[in-house]
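Visitor: Below: sequence and its predicted model.
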Amino acid sequence: MTKEQFVVTATQMRQIEARIFTAGMPVAALMEKVGGLICQRLQAIISPGKCVGILVGPGHNGGDALVVARELHFRGYQVWIYQPFSKLKELTSQHFQYTQSLKIPCYQEISQLPSYDFLIDGLFGFGLEREITDSIAAAVNYFNHKNQPIISIDIPSGLHTDTGEVLGTAIQATYTFCLGLWKQGLLQEQALPYVGKAELIDFDIPLADIHAVIGDIPKIKRITQTTALSTLPLPRPLITHKYKQGHLLLICGSQRYAGGAILTGLGARASGVGMLSIAVPESLKMLLVSQLPEALIIGCPETETGAIASVQLPENIDLNSFTAIACGPGLTKDNISIVPEIIQCECPLILDADALNILAQIGTIPTLKQRKSATVLTPHTGEFKRLFPNIDHTDRIKAIQTAAQESGAIVLLKGARTAISNPQGNVWINPESTPALARGGSGDVLTGLLGGLLAQIMNKEIFIEDIVATAAWWHSQAGILAAQTRTELGVDAFTLTQYLMPVLKK
Ligand SMILES: NC(=O)C1=CN([C@@H]2O[C@H](COP(=O)(O)OP(=O)(O)OC[C@H]3O[C@@H](n4cnc5c(N)ncnc54)[C@H](O)[C@@H]3O)[C@@H](O)[C@H]2O)[C@@H](O)CC1
Ligand SMILES: [K+]
């Protein structure tokens, strides 16, 4: 595993740190090393001679900031320090004393501060334990309103290290240099407006110490390009045929939402699945044939309102003929009997969109308990709340762990930081996405893509959860690539499907 994949809480980081110190690494030496690495990155961002304000807190986050202040001072930057605390931790205090002997200007009141080009935020790191209040809160708000770039050391001051919640107020960083290992809070959706561009500063924590604290197989992992591309493109043997490369059944669409079926189909197409069958209301059949000529389109009897009344498969085929089924996009809730019918299948099943709304209506847990094989639920926040009304979702990671455990399903909670949990509580977080994907139909594309990937892994040694994580990564990377070429407003769901392949070619 690479360091980029690990995610830690404040407690875990403290335990890892303690192991390194117990093993003999001097605390001051580590701070010096970290400060030096931060400086190297800063010099690439801030040109020489610029004025840099350094915000110094009472703990070791402030200590890091003081090492940075001293180094930038010697590298020819105009540095000043804002340090409003009466009591500092010992090491921090020593560094502070030295910066004062160097005559680096220091201020305690924001009213006295000179102007600046950049700000380095070393107020609080993972030691923040309560809300920021009073004059410190006022200072944080003052710096945020200045609209000058801020670089936060470890985590924007004011964010909860684990949940990403704002404790009182928080620095809105332009960049966050996360130290050593990714802090869980930086990957939580609510932290996003504060984190800016986040990068990891690796300071050589021994793998043995990481594993000793978070286990051999970490509970929470960041999805990275390396992990995603370890399964993509799915390998194909030289001698094979279409049915050996997966047979996916999509159950989707209605007269009201015909486009959802097409987009789901196009997502599935991009997965490379060997055979694609799509069950839609009979009246949509020709439309689907014209859009997806390679797919077997199954016209189903429809309700008066134009929804699928029942899934009628061709002769010699039943639900167990497929290697995966995905159900939901564009279904409507007009016929709720469709979900109890589909969950009888013995292959992996994805439930999305209206299939989730129906599931919420008929009872999530008792319905899913009847399933014998894997189920993947792909709700957005609104659907999640309907499915699991009793689960507090302030901490999205905890929420999906609880949901997955209660339901026995793999839960993929969509959002700016899509997160996935399996019933054992193992979590995968997608660390990169784009608001360009906040658009009708983009979830349908994900369902098709995921379905197609799931259908193909049956005889391969790939875990379902890993392929779910891969699908989330692939989908968001396609959105990012499309937004880069077409702007954030140019990524409609159809366009998105056209950028899935280029992600892999890149
Ligand atoms: N984990 C590691 O291995 C390393 C950690 N380092 C730095 O050390 C930091 C953690 O240092 P600390 O544990 O000293 O913690 P912090 O520097 O995050 O701050 C803790 C201090 O702030 C005070 N405090 C907490 N909440 C407050 C509030 N709301 N208002 C006012 N005061 C408050 C605490 O009493 C304590 O004195 C990391 O974030 C990182 O920057 C680095 O120096 C090097 C290596
Ligand atoms: K900070």
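Guide: The structure has been received and is ready for your questions. Residues are numbered from 1 along each chain as shown. Ligands and ions are numbered 1, 2, ... in the order given.
Visitor: thought residue 329 was touching residue 262?
Guide: No: judged on Cβ atoms under 8 Å, residue 329 makes no contact with residue 262 at a distance of 9.6 Å. Bear in mind the C-beta positions are built from the backbone N, C-alpha and C, glycine included.
Visitor: what residues do these two have in common as contacts?
Guide: residue 253 (Cβ atoms under 8 Å, 6 or more residues apart in numbering).
Visitor: Looking at the two, which one has more neighbours?
Guide: Neighbour comparison, residue 329 and residue 262: the larger count goes to residue 329, with 31 against 27 (by other Cβ atoms under 10 Å).
Visitor: Next up, the contacts around that one.
Guide: By Cβ under 8 Å, 6+ apart, the contact set of residue 329 is 250, 252-253, 257, 260-261, 263-264, 352-354, 443-444, 447-448.
Visitor: Recalculate using a threshold of 6 Å.
Guide: Applying Cβ atoms under 6 Å, 6 or more residues apart in numbering, we find residue 329 in contact with 252, 260, 264, 352, 353, 444, 447.
Visitor: gap between it and residue 322?
Guide: When Cβ to Cβ, to the nearest Å is the yardstick, residue 329 and residue 322 sit 17 Å from each other.
Visitor: Residue 66 now?
Guide: 62 Å.
Visitor: Which residue is the nearest non-sequential neighbour of residue 109?
Guide: Closest residue to residue 109 apart from its sequence neighbours, by Cβ to Cβ, 6 or more residues apart in numbering: residue 84 at 7.6 Å.
Visitor: for the one you found, helix, strand, or coil?
Guide: Assigned state for residue 84: coil (three-state reduction, DSSP: H, G, I helix; E, B strand; the rest coil).
Visitor: ok, now the one 3 residues further on?
Guide: The three-state label for residue 87, taken from three-state DSSP, comes out as coil.
Visitor: Toward the C-terminus from the helix or strand encompassing residue 226, list the very next helix or strand.
Guide: Using DSSP states H and E, residue 226 sits within helix 225-229. Moving toward the C-terminus from helix 225-229, the next helix or strand (DSSP H and E) is strand 247-251.
Visitor: Give me the packing partners of that following strand, helices and strands only.
Guide: Packing contacts for strand 247-251, counted by 3 or more Cβ pairs under 6 Å, 6 or more residues apart in numbering; DSSP states H and E, involve strand 275-281, strand 324-327, helix 442-456.
Visitor: contacts for it?
Guide: Strand 247-251 is contacted by residues 264, 268, 273, 275-279, 311, 322-327, 451-452, 455 when judged by Cβ under 6 Å, 6+ apart.
Visitor: Mind doing that once more with 7 Å?
Guide: 264-265, 268, 273-279, 308, 311, 321-327, 342, 448, 451-452, 455 (Cβ atoms under 7 Å, 6 or more residues apart in numbering).
Visitor: how many neighbours does whatever residue of the stretch 201-350 of the chain ends up closest to ligand 2 have?
Guide: For the stretch 201-350 of the chain, the nearest residue to ligand 2 under the criterion Cβ to the ion is residue 201, separated by 12.6 Å. Residues lying near residue 201 (other Cβ under 10 Å) number 15.
Visitor: Go ahead and confirm it touches residue 175.
Guide: No: using Cβ atoms under 7 Å as the test, residue 201 is too far from residue 175 to be in contact (10.9 Å).
Visitor: now the helices: where do they sit in the stretch 101-250 of the chain?
Guide: Taking DSSP state H, counting those that start in this stretch to define them, one finds helices in the stretch 101-250 of the chain at 134-145, 192-195, 207-214, 225-229.
Visitor: Rebuild these as a markdown table, extending it with mean pLDDT.
Guide: What follows is the helices of the stretch 101-250 of the chain, written out as a markdown table (pLDDT from 0 to 100):
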| stretch | mean pLDDT |
| --- | --- |
| helix 134-145 | 97 |
| helix 192-195 | 97 |
| helix 207-214 | 97 |
| helix 225-229 | 92 |
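Visitor: Please identify which of those is closest to ligand 1.
Guide: helix 134-145 (5.9 Å; Cβ to the nearest ligand atom).
Visitor: Just the residues contacting that closest one, thanks.
Guide: Contacts of helix 134-145 with the rest of the structure, by Cβ under 7 Å, 6+ apart, involve 84, 110, 119, 132, 150, 157, 158, 168, 169, 170, 171, 172.
Visitor: what about that helix and ligand 2, touching?
Guide: No: with Cβ under 5 Å from the ion as the criterion, ligand 2 is not reached by helix 134-145; the gap is at least 10.5 Å.
Visitor: List the buried residues in that helix.
Guide: For helix 134-145, burial by neighbour count (16 or more other Cβ atoms under 10 Å) applies to 136, 137, 139, 140, 141, 143, 144.
Visitor: Those: which ones sit near ligand 1?
Guide: Subset of the buried residues of helix 134-145 in contact with ligand 1: residue 136, counting by Cβ under 6 Å from any ligand atom.
Visitor: residues in contact with stretch 33-47?
Guide: Residues lying outside stretch 33-47 but in contact with it, judged by Cβ under 7 Å, 6+ apart, are 52, 64, 67-68, 71-72, 75, 118, 151, 153, 177, 179, 201, 203.
Visitor: Filter the residues you listed down to the buried ones.
Guide: Buried among the contacts of stretch 33-47 (16+ other Cβ under 10 Å): 52, 64, 67, 68, 71, 72, 118, 151, 153, 177, 179, 203.
Visitor: can you list contacts of the helix or strand harbouring the second one?
Guide: What that stands for is residue 64. Using DSSP H and E, residue 64 maps to helix 60-74. Contacts of helix 60-74 from elsewhere in the structure, counted by Cβ under 7 Å, 6+ apart, are 31-32, 34-36, 38-39, 42, 52, 54-56, 79, 81, 88-89, 91-92, 95-96, 98-99, 102, 104, 120, 122-125, 127, 153-154.
Visitor: Output the set of residues of the stretch 101-250 of the chain in proximity to ligand 1.
Guide: The stretch 101-250 of the chain comes close to ligand 1 at residues 124-132, 136, 153-154, 179-180, as judged by Cβ under 6 Å from any ligand atom.
Visitor: Recalculate using a threshold of 8 Å.
Guide: For the stretch 101-250 of the chain, the contact set with ligand 1 under Cβ under 8 Å from any ligand atom comprises 122-133, 136, 153-155, 157, 167-168, 179-180, 203, 205.
Visitor: What is the neighbour count of residue 14?
Guide: Residue 14 has 15 neighbours, counted by other Cβ under 10 Å.
Visitor: counting residues per helix, which one in this structure is longest?
Guide: For the chain, the helix reaching the highest residue count under DSSP state H is reported as helix 464-486.
Visitor: can I assume residue 220 is in contact with residue 7?
Guide: Yes: because the distance of 4.3 Å satisfies Cβ under 7 Å, residue 220 is recorded as touching residue 7.
Visitor: Touching both of those two, which residues are there?
Guide: Common contact partners of residue 220 and residue 7 (Cβ under 7 Å, 6+ apart): 184, 429.
Visitor: more neighbours, residue 66 and residue 322?
Guide: Looking at residue 66 and residue 322 with other Cβ under 10 Å, you find the greater number of neighbours at residue 66, namely 28 against 24.
Visitor: The nearest residue to that one once chain neighbours are set aside: what's it in contact with?
Guide: Take residue 66 and drop its neighbours on the chain: the residue closest to it by Cβ to Cβ, 6+ apart is residue 95, 3.7 Å away. Residues touching residue 95, when contacts are defined by Cβ under 7 Å, 6+ apart, comprise 63, 66, 67.
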